[in-house]
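In: only the shape, not the letters, is given here:
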């Protein structure tokens, strides 16, 4: 039987050690949504942490398959390989407060979704991508109400969050300006919007056994007013929109998700844990952008007559399965190890394939009020290829094709929690 003291010590480590693995999951996943601090047994706690991720995805056998001058020209004389990914950090700040014996509330800041690919202009696929970056900022508030049921407590969870998104994409639109010295030929899309989401869930806990089961649903966030600009000042030869900045609009959704988490003491000072998460990445296919002047006149749709550019993702739903064990060595030190599998969201277009990750973590508690945590993870991004796909009668990926092998990814996380 595990004691309540054991529950406080090892459980907190387990909740943190799993953070490093999902940091390079499929889709636009970064930190994802995490409300584990809500379960902290202290009346009040403040936590601040950061995760640093270094993916090493390298594209090879790159071939420019759309070689007309108006589509970037023939780039097959450029290098046929490129380092696609960039390092990134994921911050988190949260404050949890307990009210009486039944109510707990958490307010937090996180960056759940994002992406940054930066292969540059000197590769054969520059007409597809030079640099793309998407960032989100999430401000959440979540509360729970718990009461006795059987040998443990049942907890109802609910909350809301406000989310901001911004990003850009640059690619080589035409090589004609280069021939006449009138521009770089690079076009740029900028975008931003914000929206609201909500969450609801249930949890059941038996502290004496360090047992907890939770099921939490996070809603979609609708970006119905996704606005921005297409900058073609470096591409003056493009008909109608060349040589100018054009305001554009579109719409998209951040995906909803459902996550089941389980943990239980299995022996004195030992804990087993696991989770299964589904993320509805298939809501992100191709996001078209049309001139603002056409808004309300003609529908802005992928492949439509008014589409000026698009952000093509073509994702399938993501699944993430994780499991591991934690051990409390003494009153100050605990450790944990985890294994995570994430199903890739690419389906023959893009480079997001399955990944396998091993995570290691440690927690140091010098006093009952301070807890420092550190964790690391190393994983494999599996091999694959990208090429032509057709969705709803629209062809994608006919501008470039490439392959990639098994690549490494690593992450380091650190966090400090103050409890009072």
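Out: Perfect, thanks for sending it. What you are looking at is a predicted structure, and each value in this text was computed from that prediction instead of being measured.

In: name the residues of stretch 263-282 that come out as buried.
Out: Within stretch 263-282, the residues that qualify as buried are 263-265, 269-275, 277-282, counting by 16 or more other Cβ atoms under 10 Å. C-betas here are computed from N, CA, C, even on glycine.

In: with stretch 88-102 instead?
Out: 88, 90, 92, 94, 95, 96, 97, 98.

In: contacts for it next, please.
Out: 23, 30-31, 34, 37-38, 40, 42-53, 104-111, 114, 116, 145-147, 415 (Cβ atoms under 8 Å, 6 or more residues apart in numbering).

In: picking that back up, farthest pair in the buried residues of stretch 263-282?
Out: 269 and 282 (42.4 Å; Cβ to Cβ).

In: wait, residue 104 touches residue 144, no?
Out: Yes - Residue 104 sits in contact with residue 144 when judged by Cβ atoms under 8 Å, with a separation of 5.1 Å.

In: which neighbours do those two share?
Out: Taking Cβ under 8 Å, 6+ apart as the criterion, residue 104 and residue 144 both touch residue 38.

In: all strands of the stretch 201-350 of the chain, in order?
Out: Remark: strands assigned in the stretch 201-350 of the chain by DSSP state E, counting those that start in this stretch are 211-218, 221-231, 245-254, 257-267, 270-279, 286-291, 309-312, 318-328, 333-342.

In: JSON lines please, covering the ones you listed and showing mean pLDDT.
Out: Shown next, in JSON lines, are those (pLDDT from 0 to 100):
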{"stretch": "strand 211-218", "mean pLDDT": "96"}
{"stretch": "strand 221-231", "mean pLDDT": "96"}
{"stretch": "strand 245-254", "mean pLDDT": "97"}
{"stretch": "strand 257-267", "mean pLDDT": "93"}
{"stretch": "strand 270-279", "mean pLDDT": "94"}
{"stretch": "strand 286-291", "mean pLDDT": "96"}
{"stretch": "strand 309-312", "mean pLDDT": "94"}
{"stretch": "strand 318-328", "mean pLDDT": "92"}
{"stretch": "strand 333-342", "mean pLDDT": "91"}
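
In: and those as CSV, adding distance to residue 80?
Out: Formatted as CSV, these follow (distance: least, Cβ to Cβ, whole Å):
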stretch, distance to residue 80
strand 211-218, 41
strand 221-231, 28
strand 245-254, 32
strand 257-267, 37
strand 270-279, 33
strand 286-291, 26
strand 309-312, 21
strand 318-328, 30
strand 333-342, 28
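
In: out of these, which comes closest to residue 125?
Out: Of all the strands of the stretch 201-350 of the chain, strand 309-312 comes closest under Cβ to Cβ, at 13.3 Å.

In: tell me the helices and strands packed up against the closest one.
Out: Where contact means 3 or more Cβ pairs under 8 Å, 6 or more residues apart in numbering; DSSP states H and E, strand 309-312 is packed against strand 186-206, strand 286-291.

In: between the strands of the stretch 201-350 of the chain, which one is closest to residue 303.
Out: Among the strands of the stretch 201-350 of the chain, strand 286-291 comes nearest to residue 303, with 7.8 Å by Cβ to Cβ.

In: what are the pairing partners of that closest one, and which direction each?
Out: Strand pairing for strand 286-291, determined by DSSP bridges: strand 245-254 (antiparallel), strand 309-312 (antiparallel).

In: quick check: what element follows the helix or strand of the chain with the lowest mean pLDDT along the chain?
Out: Every helix and strand in the chain was compared by mean pLDDT, DSSP states H and E; the lowest is helix 4-17, with a mean of 46. Using DSSP states H and E, the helix or strand that follows helix 4-17 towards the C-terminus is strand 44-55.

In: give me the contact list for stretch 157-164.
Out: 33, 35, 38, 106, 112, 136-144, 192-203, 214, 216, 221, 254.

In: before we move on, what about stretch 256-269?
Out: Residues from elsewhere that reach stretch 256-269 (Cβ under 8 Å, 6+ apart): 1-2, 6-7, 10-11, 14, 32-33, 209-220, 271-280, 283, 325, 327-329.

In: any of those buried? List them.
Out: Buried among these (16+ other Cβ under 10 Å): 2, 6-7, 10-11, 14, 32-33, 209-212, 214-216, 218-219, 271-275, 277-280, 283, 325, 327-328.
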